[in-house]
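**Q** could you look at this predicted model? Sequence included:
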Amino acid sequence: DAKTTQPPSMDCAEGRAANLPCNHSTISGNEYVYWYRQIHSQGPQYIIHGLKNNETNEMASLIITEDRKSSTLILPHATLRDTAVYYCIVRAGQRSGGSNYKLTFGKGTLLTVNP
Amino acid sequence: EAQVTQNPRYLITVTGKKLTVTCSQNMNHEYMSWYRQDPGLGLRQIYYSMNVEVTDKGDVPEGYKVSRKEKRNFPLILESPSPNQTSLYFCASSFRQSPVSRTKQFFGPGTRLTVL
């Protein structure tokens, strides 16, 4: 799985868009980008994933650059409840059955949403 | 509501007293897994299960046991807990049809265990 790099922390004002970057310059063609978040001491929560096209769901949007070497998670209207550590991970989309798909998070980005 | 539940949420116990942390999911997921999370060490996988009666060790299985007799349940057993098992524990589950579905894991709320 490709290595990812995220800023350690970011601040955002409540109601504004939060844009969280992730660098994955060694990503290969069959690897997806996934985002999770973990609110303090709660279980990690899946947010969104994508391969090459931009994706949107009820939680967030994911913008992947054309060369796929970086991506941005966008929370369009951040609230105080979005304060959490956000993790970007890259995983292969094609793998033989029987693999253990344990999740390994890096240090992530601590997003603090301020009132 | 689709969810993974864990019980208990908080537990303080003493060294050597056997305990079980239960995990249950209502999404008919085949894959289930236990993680522990410690400051500075991130998530580490303890055991996982690909389906009923199929379990295997993760990265830190010592001191733990699991069983998967039913699809929905995946209890974590500490036969003789020690202070170094003090941690925050998470159960997770997912479908296993594809690498993408396996990576979309649903996590429980966590069990904070303290072993004195």
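**A** Good, I have the coordinates.

**Q** name the nearest residue to residue A:15, ignoring sequence neighbours.
**A** residue A:77 (5.8 Å; CB to CB, 6 or more residues apart in numbering or on different chains). For glycine as for every other residue, the C-beta is placed from the backbone atoms N, C-alpha and C.

**Q** for chain B, see how far away that neighbour is.
**A** 24 Å (CB to the nearest CB, to the nearest Å).

**Q** and that residue, how many neighbours?
**A** For residue A:77, the neighbour count with other CB atoms under 10 Å in any protein chain shown is 10.

**Q** residues in contact with it?
**A** A:15-17 (CB atoms under 8 Å, 6 or more residues apart in numbering or on different chains).

**Q** middle-most residue in the chain, spatially?
**A** Because you didn't say which chain, this covers chain A. Centroid-nearest residue in chain A: residue A:35, 2.8 Å away (criterion: CA atoms, centre = their mean).

**Q** other chain: chain B
**A** residue B:34 (2.7 Å).

**Q** if I look at it, how far off is residue A:100?
**A** For residue B:34, the distance to residue A:100 equals 12 Å [CB to CB, to the nearest Å].

**Q** next up, phi/psi of the residue in chain B positioned nearest to chain A, please.
**A** Nearest residue of chain B to chain A, counting by CB to the nearest CB: residue B:107, 3.1 Å away. With angles defined as degrees, to the nearest 10, residue B:107 sits at phi -110, psi 150.

**Q** that one against residue A:39, yeah?
**A** No - using CB atoms under 8 Å, residue B:107 makes no contact with residue A:39, being 11.1 Å away.

**Q** give me the common contacts of the two.
**A** With CB under 8 Å, 6+ apart, residue B:107 and residue A:39 have common neighbours residue A:45.

**Q** looking at these two, which is more packed in?
**A** Of the pair residue B:107 and residue A:39, residue B:107 is the one with more neighbours under other CB under 10 Å, namely 24 against 13.

**Q** before we move on, the earlier item: which neighbours do residue B:34 and residue A:100 share?
**A** B:45, B:48, B:58.

**Q** if we can go back for a sec, just confirm the residue nearest to residue A:15 is within a helix.
**A** No - membership of residue A:77 in a helix is not supported by DSSP: H, G, I helix; E, B strand; the rest coil, which gives coil.

**Q** and it, how far is that from residue A:16?
**A** Taken as CB to CB, the span from residue A:77 to residue A:16 is 7 Å.

**Q** cool, thanks, talk later.
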